[in-house]
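*Asks:* Have a look at this prediction, sequence included:
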Amino acid sequence: MKILQLISTTGFYGAEKVVINLAKGLQASGHNIVIGTLLDEKRSDRILTKEAQESGIKIIEIPCEGKYDKRTIPFINKYIQQEQFDIVHSHGYKANFYAGVSRLPAACKRVATCHNWLGQSPKMLFYRWLDKKVLKKFDAIIAVSEIIRREIEKAGISLGKVNKIYNGIIIEDYSQKQGAADHIRKEFNLSATDKVIGCIGRLSPEKGQRSLIKALVGSKNEPSKIKALIIGDGPLLGQLSNLAHKLNVYGQVVFTGVRQDIPDILAAIDIFVLPSLTEGLPMALLEAMAAKKPVIATAVGEVPQVIDHEVSGFLIQPNDHEGLKKMIRYILNNKEKAQQVAEKGFGELQARFSMQQMVESYSNLYLKLKA
């Protein structure tokens, strides 16, 4: 089956990782895969293009500047007609819009994956409203979490079109290599005795990194210094940096920017923290579980369905930096318990969130649509 995976991207975040993993798995199972990236050359990097090329996946860059580009729809129409795809599968608001309004051959089916319908800013509320309108044209819609599935159903979209498929990852990619951990610690001047907290995500309000910075207050003079690697980039970088200075913990915080060596980063940390205010099913959480790290996460979105408190991870409430501070210290003082919980989390990941399961679910859906 010939499938176009369409996504708008400005970096390499959770949705982009899903697209790459899905494309790898589908291609390995015999499908003909092309990734189409809606590229604004003024705002976008080409990390997704590089990742696809290194993975042996064909990728085409589609010009798309700003919120709407009049060149984009004719470009997509011509390319789809030329290549005769069986499925056009879009990911995210912008890609859904262009896939929804483009002209597809009668036999070609539209599929959309909704990765996040959770933002509350005026811009995100508008995009959500537009997405709900456009998605009614699709043959199948995938929610990556139960909370997103319920939102889709509230939009009046036919229940027969809505499917829930969890994101999956290539678990083997996160096998720990000591040399990688040592390299990362050396790069960021972390000593062997430093206790390192890792936090991965776009630097934006809903990701809650403020709580982690506040949780570091008072830890400077402890026997084992607690430091935080905050991985990612985004509009809050300046504000978060200023907050760390204001609270006098800047020396304990490392803003790494976007990294492509997440397995190595995870190998180097002691605890993973997901302090989000809203979530669907975050890829960063699954990655940390695959690396067998003890996880502290806020009980939002699908997270409580993934993490069983004190069994496969540790749950706190959003915006509770004091609770986060206490949980970090509990884990550092109870290493055996933390390791047991991390191992249980790894087992949960293997059972429910492997790439193989995700690919099989999507393959079955595609075959059903084309039957």
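*Replies:* The structure has been received and is ready for your questions. Predicted model only: the values in this text are computed from it and were never measured.

*Asks:* Can you classify the closest residue to residue 81 other than its chain neighbours by secondary structure?
*Replies:* Distances taken as CB to CB, 6 or more residues apart in numbering put residue 105 closest to residue 81, at 6.8 Å, once the chain neighbours are dropped. Every C-beta, even on glycine, is put in place using the N, C-alpha and C of the backbone. Judged by DSSP: H, G, I helix; E, B strand; the rest coil, the three-state class of residue 105 is coil.

*Asks:* Tell me the spacing between residue 105 and residue 161.
*Replies:* Distance of residue 105 to residue 161, given as CB to CB, to the nearest Å: 20 Å.

*Asks:* Just want to know which of those two has more residues nearby.
*Replies:* residue 161 (17 against 12; other CB atoms under 10 Å).

*Asks:* I'd assumed residue 142 was in contact with that one.
*Replies:* No: here residue 161 does not reach residue 142: they are 9.7 Å apart, not a contact under CB atoms under 8 Å.

*Asks:* now the strands for the stretch 201-350 of the chain?
*Replies:* Applying DSSP state E, counting those that start in this stretch to the stretch 201-350 of the chain gives strands spanning 226-231, 253-257, 271-274, 295-298, 314-316.

*Asks:* out of those strands, nearest to residue 93?
*Replies:* Closest approach to residue 93 among those is made by strand 271-274 (23.0 Å; CB to CB).

*Asks:* For the residue nearest to residue 81, what are phi and psi?
*Replies:* Dihedral pair for residue 105: phi -60, psi 150, per degrees, to the nearest 10.

*Asks:* thinking it is in contact with residue 77, fair?
*Replies:* No: at 10.2 Å, residue 105 does not count as touching residue 77 under the criterion of CB under 8 Å.

*Asks:* Quick check: end-to-end length of stretch 325-341?
*Replies:* 18 Å (CA to CA, to the nearest Å).

*Asks:* now that stretch: mean pLDDT?
*Replies:* The average of the pLDDT scores along stretch 325-341 is 96.

*Asks:* May I ask which helix or strand encompasses residue 6?
*Replies:* strand 2-8 (DSSP states H and E).

*Asks:* how near is residue 365 to residue 160?
*Replies:* If you measure residue 365 against residue 160 using CB to CB, the figure is 12 Å.

*Asks:* Please identify which of these two sits among more neighbours.
*Replies:* Counting neighbours by other CB under 10 Å for residue 365 and for residue 160 shows that residue 365 has the greater number, 19 against 7.

*Asks:* any idea which helix or strand carries the more buried one?
*Replies:* Judged by DSSP H and E, residue 365 forms part of helix 355-370.

*Asks:* can you check residue 89 too?
*Replies:* Per DSSP H and E: strand 87-91 holds residue 89.

*Asks:* How far off centre is that strand?
*Replies:* On the basis of CA atoms, centre = their mean, to the nearest Å, strand 87-91 sits 18 Å off its chain's mean C-alpha point.

*Asks:* Listing partners with orientation, what would you give for that strand?
*Replies:* Strands that pair with strand 87-91, judged by DSSP bridges, come out as strand 2-8 (parallel), strand 109-114 (parallel).

*Asks:* Report pLDDT for residue 14.
*Replies:* 82.

*Asks:* Now for it: which residues touch it?
*Replies:* Contacts for residue 14 were tallied using CB atoms under 8 Å, 6 or more residues apart in numbering; they are 115, 167, 282-284.

*Asks:* Tell me the one among these nearest to residue 184.
*Replies:* When these are compared against residue 184 (criterion: CB to CB), the nearest one is residue 284, at 16.3 Å.

*Asks:* That closest one and residue 198 touch, don't they?
*Replies:* No: assessed by CB under 8 Å, residue 284 is found out of contact with residue 198, at 9.1 Å.

*Asks:* What separation do you get for residue 37 and residue 348?
*Replies:* 32 Å.

*Asks:* Which one's more surrounded, these two?
*Replies:* Between residue 37 and residue 348, counted using other CB under 10 Å, the more crowded position is residue 37 (23 against 18).

*Asks:* quick one: which helix or strand includes that one?
*Replies:* Per DSSP H and E: strand 32-39 holds residue 37.

*Asks:* What average pLDDT does that strand get?
*Replies:* pLDDT averaged over strand 32-39 gives 96.

*Asks:* same deal with stretch 90-106?
*Replies:* pLDDT averaged over stretch 90-106 gives 92.

*Asks:* what's in contact with that stretch?
*Replies:* Counting by CB under 8 Å, 6+ apart, 5-8, 15, 18-19, 38, 64, 72-73, 76-77, 80-81, 84, 88, 110-116, 127-128, 130-131, 134-135, 137-138 sit against stretch 90-106.
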